[in-house]
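Asks: no sequence for this one, just the structure:
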């Protein structure tokens, strides 16, 4: 197992390198001059532009810029934001807790709702409960995050005044953004849990379990759900990525201080160093999640073995 | 039936959990009293902060915040009217190259450093130093040469060329005076954790992307008369919360999370005014409104008749209604209505008159074709309009303009581009027309960037308009220290612009602010750009 994990870690190196090259190239190939953006439309005189490009190191050959960057990155130095001159790693780390708080609670909400609705629909297959649950899921999938976020704000902040629409720190400020973000993946999850459960429930070993006289609770939770979980776990891992993406929108709308909002702004500002650093960071997060998912498989399904 | 029991207990647990979650948060939220004997103001501000250093920033949001922390040498509540600030008296020499100031005595910075001539010289010299990387402030200093300290409370500021806009520059937060000792002591923390001025509020904390907190300066007793307030501010604390999403910012006001917001979304203005729950301020914006530049070097806009017809045939009221939900007033000149130097007569020069527009074109030989597009010598009257398709209101203005000018027989070809493609095209002069908007408080910057020949070759004068008479008037006005004479020069500039039909002025937009009705005493500085809360309090 340990050997497997080490192997997986080594395999991630090309992935991360590839990501860094791609991001580096993309940002340099799309039109628009960061020096000009830094100065603003009205102040960008040719002399000032030349000076800012020099300061930002934008005049050096692109390969040299990349190599310098990677050498520093390996040593934990992701450079400084072109916009506010703060170290990129500090920028990411100060915002990390807020984004984690948001995505994990969204994940919690989506898991509770998704599993709840999915199991309900599967157990009461072809009843009104099933149709109802799947209708809710359909609505959930069809609602864009920004829209459900604004609707939640209108209902719960402006009209009912239950939760504040902005800020962070404290559960009250987390409820709306986490719900808005969680709804989307809850819907996907509910559909998946339903179909996966339906398949498993029709398996012979479930019938056998029931025939043995096991309590329904044990049949559903121990025999059915655990087997139904394998495809669901894969999706959960992917959902985490989706949630990080959704965090961009949620954090912007709810004015939260997170990586998502910082990422979006840095792209708009063409803050090369910040975009690169954040992209690398997110890529690493994905890789880590994938490894964790693989390990969870082993726990869930003893048939899967890693050498 | 056994099948269902498991689900019942599960779902019950789920409901309980969600309820507990909701109720728990509910109590925390309501535990904070929303309105009780308020001396704390929360401002939902639309833009982020690049640096807190007013002498370096490019962001007007920083100007709004820092105008509470630093004081200017002179105040300007009405554009063109100056009141003593940290300077009590001033004199300008005949060609506006030397400004002599007498400074206020007994003023202290928040760190205890006394305010004096050395602090003013330090601030200006620091802005002028390229290493400071000052953006807005350095442009406000214009042709700065040096500051001479005469004695502790007398200074002379000198310029290499005449610079009449200097008093207006001084009345901006960006030339606010900072404590020399504090700048040196703070080092890299300056602008991030520390800003020390002489203002009515002290910087308490700054959380990047989130909020800036100011607390009252108990020693403040040099406030100007424009605020109708003496001594320390009535408010104890101001929190500026950065909320960039317009709908959320408004929701924050409506839910009571903030007391004041800027940049109220135009589509909500009518509803908010109807509901009367909040005070909505429509403050005419200083600078230059939304307009159309016409390239005088490319056919067919090289023809005066065509430009005149476009100006006469543009339905400004209709455009304001369609594009800006009716927020704003029709523009008349390169200067908006609130600007010092704005000439009300300019509204009569090229008024909306489609019939007259048609006549001008007929007289110039542009005859109506069978397809409703005019033509002359077998050539259709088509103009190439360039705009940024990636940001408001470029596309909306273009679409309206196309329909509008079709009525007088002009075909507008819409070239919507991304930011960089757009700039490449208009800087190279490929366009017939393109839009402009600018904020600022002194007329010189506005007319210079739009009409001076020095900006005509790929610069901001994308009219590519070059007129020796215009250049002379602009330079003369920039060096005229006498306000009446300067106003007369700007009147001539606005007349000449209309005679040559260089531009079309669509909308002088409003700055939109909203606040809770209990808040009083807010004073708008910088022609409405900077709401100031020194004299503000809650009823």
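Replies: Cool, got the structure. Computed from a predicted model, the values in this text were never measured in an experiment.
Asks: Every contact and neighbour count from this point should use C-alpha atoms.
Replies: OK.
Asks: low-scoring pLDDT stretches of the chain, where are they?
Replies: No chain specified, so I'll use chain A. Low-confidence segments of chain A, defined by pLDDT under 70: A:27, A:30-32, A:34, A:37-45, A:304-307.
Asks: Wait, chain B was what I had in mind.
Replies: Using pLDDT under 70, chain B drops low at B:1-37.
Asks: Geometric centre of it: which residue is closest?
Replies: Residue closest to the mean C-alpha point of chain B, counted by C-alpha atoms, centre = their mean, is residue B:439 at 3.9 Å.
Asks: OK, contacts around it?
Replies: B:285, B:286, B:287, B:288, B:289 (C-alpha atoms under 8 Å, 6 or more residues apart in numbering or on different chains).
Asks: Go again with 7 Å.
Replies: Applying C-alpha atoms under 7 Å, 6 or more residues apart in numbering or on different chains, we find residue B:439 in contact with B:286, B:287, B:288.
Asks: Give me the buried subset of these.
Replies: Buried members of those, scored by 16 or more other C-alpha atoms under 10 Å in any protein chain shown, are B:286, B:287, B:288.
Asks: Isn't the first one up against residue B:341?
Replies: The one in question is residue B:286. No - in this structure, residue B:286 is not within contact of residue B:341 by C-alpha atoms under 7 Å, at 11.5 Å.
Asks: near chain B, which residues of the stretch 51-200 of chain A?
Replies: A:84, A:120, A:157, A:158, A:161, A:162, A:163, A:164, A:165, A:166, A:171, A:172 (C-alpha under 7 Å from any C-alpha of the partner chain).
Asks: can you map out the helices along chain A?
Replies: Ranges of helices in chain A, per DSSP state H, are A:2-29, A:34-39, A:46-56, A:62-74, A:88-123, A:128-142, A:145-152, A:172-201, A:204-211, A:216-218, A:226-253, A:259-268, A:272-300.
Asks: TSV please, covering the ones you listed and showing mean neighbour count.
Replies: Formatted as TSV, these follow (neighbours: other C-alpha atoms under 10 Å in any protein chain shown):
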stretch	mean neighbour count
helix A:2-29	14
helix A:34-39	20
helix A:46-56	14
helix A:62-74	13
helix A:88-123	21
helix A:128-142	17
helix A:145-152	19
helix A:172-201	24
helix A:204-211	14
helix A:216-218	16
helix A:226-253	20
helix A:259-268	20
helix A:272-300	18
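Asks: could I get those as a markdown table with distance to residue B:135?
Replies: Converted to a markdown table, those look like this (distance: least, C-alpha to C-alpha, whole Å):
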| stretch | distance to residue B:135 |
| --- | --- |
| helix A:2-29 | 25 |
| helix A:34-39 | 8 |
| helix A:46-56 | 10 |
| helix A:62-74 | 26 |
| helix A:88-123 | 23 |
| helix A:128-142 | 45 |
| helix A:145-152 | 35 |
| helix A:172-201 | 36 |
| helix A:204-211 | 72 |
| helix A:216-218 | 68 |
| helix A:226-253 | 27 |
| helix A:259-268 | 20 |
| helix A:272-300 | 21 |
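Asks: Could you tell me which residues make contact with the spatially most central residue of chain A?
Replies: Chain A has residue A:244 as the residue nearest its centroid, 2.4 Å off, counting by C-alpha atoms, centre = their mean. Listed by C-alpha under 7 Å, 6+ apart, the contact set of residue A:244 reads A:103, A:260.
Asks: Buried residues, the host helix or strand of residue B:362. List them.
Replies: According to DSSP states H and E, residue B:362 maps onto helix B:354-363. Within helix B:354-363, the residues that count as buried by 16+ other C-alpha under 10 Å are B:354, B:356, B:357, B:358, B:359, B:360, B:361, B:362.
Asks: Identify the residue nearest the fourth one in space, chain neighbours excluded?
Replies: Sequence neighbours aside, residue B:408 is the residue nearest to residue B:358 in space, at 5.8 Å (criterion: C-alpha to C-alpha, 6 or more residues apart in numbering or on different chains).
Asks: And the first one, by the same measure?
Replies: Nearest residue to residue B:354 in three dimensions, chain neighbours excluded: residue B:313, at 4.5 Å (C-alpha to C-alpha, 6+ apart).
Asks: Correct me if wrong: the one you found contacts residue B:351.
Replies: No - here residue B:313 lies out of contact with residue B:351, judged by C-alpha under 7 Å, at a distance of 8.6 Å.
Asks: Settle it for me: which of the two has more neighbours?
Replies: residue B:313 (26 against 17; other C-alpha atoms under 10 Å in any protein chain shown).
Asks: what sits against that one?
Replies: Taking C-alpha under 7 Å, 6+ apart, one finds B:352, B:353, B:354, B:357, B:405, B:408 in contact with residue B:313.
Asks: out of those residues, who's nearest residue B:371?
Replies: Set against residue B:371, the nearest of these by C-alpha to C-alpha is residue B:408 (12.1 Å).
Asks: hmm, back to that, run through who's touching the helix or strand following the helix holding residue B:362.
Replies: In the C-terminal direction, the helix or strand that comes right after helix B:354-363 (DSSP H and E) is strand B:367-368. For strand B:367-368, the external contacting residues (C-alpha under 7 Å, 6+ apart) are B:374, B:375, B:376, B:409.
Asks: Nothing else from me, thank you.
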